[in-house]
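Q: fold the following.
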Amino acid sequence: MYYEHAIQKYKEQHNLAAFRPKAVLFDMDGVLFDSMPNHARSWARVCTEYGLEMTPEEAYMHEGRTGASTINLLAQRYWHRDATEKEISDIYAEKCRLFNACPEAGRMPGAMELLTQVKAAGLTIVVVTGSGQQSLLSRLESNYPGFFCPELIVSSKDVSRGKPDPEPYLMGLQKAGVRAEEALVVENAPLGVRAAVAAGIFTVAVNTGPLPEHALIGEGANQLFPSMQAFADAWQDFFACF
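A: Numbers count the residues shown, from 1 in each chain. Model prediction:
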């Protein structure tokens, strides 16, 4: 089976005799919530208003970065310098205002089914997100009651280096009390995939946005599904391969 091939390849890459996951680390935007269209439009509008031209399509490529990192990347491009703390604060505050004015993003189709199966398998569930927006973080419990606890959430406010640095996922492993070879990551963003792979974790990419598949596979994703629903539908067969 294709899943077995991907798992065996991971074991060979990491010199593992056995590989049995104990935890699943979920990204949030584009994985648990269908929120990326709102994020992309909000980032594109605010950055362009400040003279940092960005398209919604480019915003998908920056998904997973901290807000400050995204702003500084554009500031270097257009202003040839880092943004000041005040500029970062002002731009990010306006981005959050625009995002919060958007229609509320719903649960990603298939996410509840997948979480239910992961929990039934006895695996620890962790959220590792580049977002720091309380409006989304506070909705985890109301949208997915009983699946998440604050002690098992890593947000942009918890790390000094966001994705694509592996720090967020390394912190997620630490919070879950597991090693890299005892976890799975579920990601939809190229930079998130890069971060998870750099942390040494088996990474499942779900292509829930407008990106071509090679944008995720090229970053080292071990397994690719076209949607969260597809992953939920395949979970039993997938997990049986471990």
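Q: which residues sit against the longest helix seen in the chain?
A: Longest helix of the chain, by residue count under DSSP state H: helix 85-101. Contacts of helix 85-101 with the rest of the structure, by C-beta atoms under 8 Å, 6 or more residues apart in numbering, involve 38-39, 41-43, 45-47, 49-50, 52, 67-68, 71-72, 75, 83, 133, 135. C-beta coordinates here come from the backbone N, C-alpha and C atoms, glycine included.
Q: can you flag the buried ones in those residues?
A: 38-39, 42-43, 45-47, 50, 52, 67-68, 71-72, 75, 83, 133 (16 or more other C-beta atoms under 10 Å).
Q: I'd like the average pLDDT over the helix or strand following the longest helix of the chain.
A: Following helix 85-101 in sequence order, the next helix or strand is helix 111-120 (DSSP states H and E). Across helix 111-120, the average pLDDT comes to 98.
Q: just checking, what packs against helix 111-120?
A: Helices and strands touching helix 111-120, by 3 or more C-beta pairs under 8 Å, 6 or more residues apart in numbering; DSSP states H and E, are strand 124-128, helix 228-239.
Q: can you list those in JSON lines and add distance to residue 191?
A: Below are the helices and strands packed on helix 111-120 laid out as JSON lines (distance: least, C-beta to C-beta, whole Å):
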{"stretch": "strand 124-128", "distance to residue 191": "12"}
{"stretch": "helix 228-239", "distance to residue 191": "19"}
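Q: give me the residue at the spatial middle of the protein.
A: Central residue of the chain (C-alpha atoms, centre = their mean): residue 27, 3.0 Å from the mean position.
Q: list the contacts of that residue.
A: Neighbouring residues of residue 27 by C-beta under 8 Å, 6+ apart: 64, 127-130, 185-189, 192.
Q: count the residues that sit near residue 106.
A: Residues near residue 106, counting by other C-beta atoms under 10 Å, number 11.
Q: wait, it touches residue 32, no?
A: No. At 10.4 Å, residue 106 and residue 32 do not qualify as touching, with contact defined as C-beta atoms under 8 Å.
Q: and the longest helix of the chain, which residues are buried?
A: Applying a neighbour-count criterion of 16+ other C-beta under 10 Å, one finds 87-88, 91-92, 94-96, 98-99 buried in helix 85-101.
Q: okay, the residue lying closest to residue 161 once chain neighbours are set aside: pLDDT?
A: Residue nearest to residue 161 in three dimensions, not counting chain neighbours: residue 167, with 4.7 Å by C-beta to C-beta, 6 or more residues apart in numbering. At residue 167, the model reports a pLDDT of 96.
Q: got it, and residue 178?
A: If you check residue 178, the pLDDT there is 98.
Q: sec struct for it, please.
A: Per DSSP: H, G, I helix; E, B strand; the rest coil, the local secondary structure of residue 178 is coil.
Q: many thanks, have a good one.
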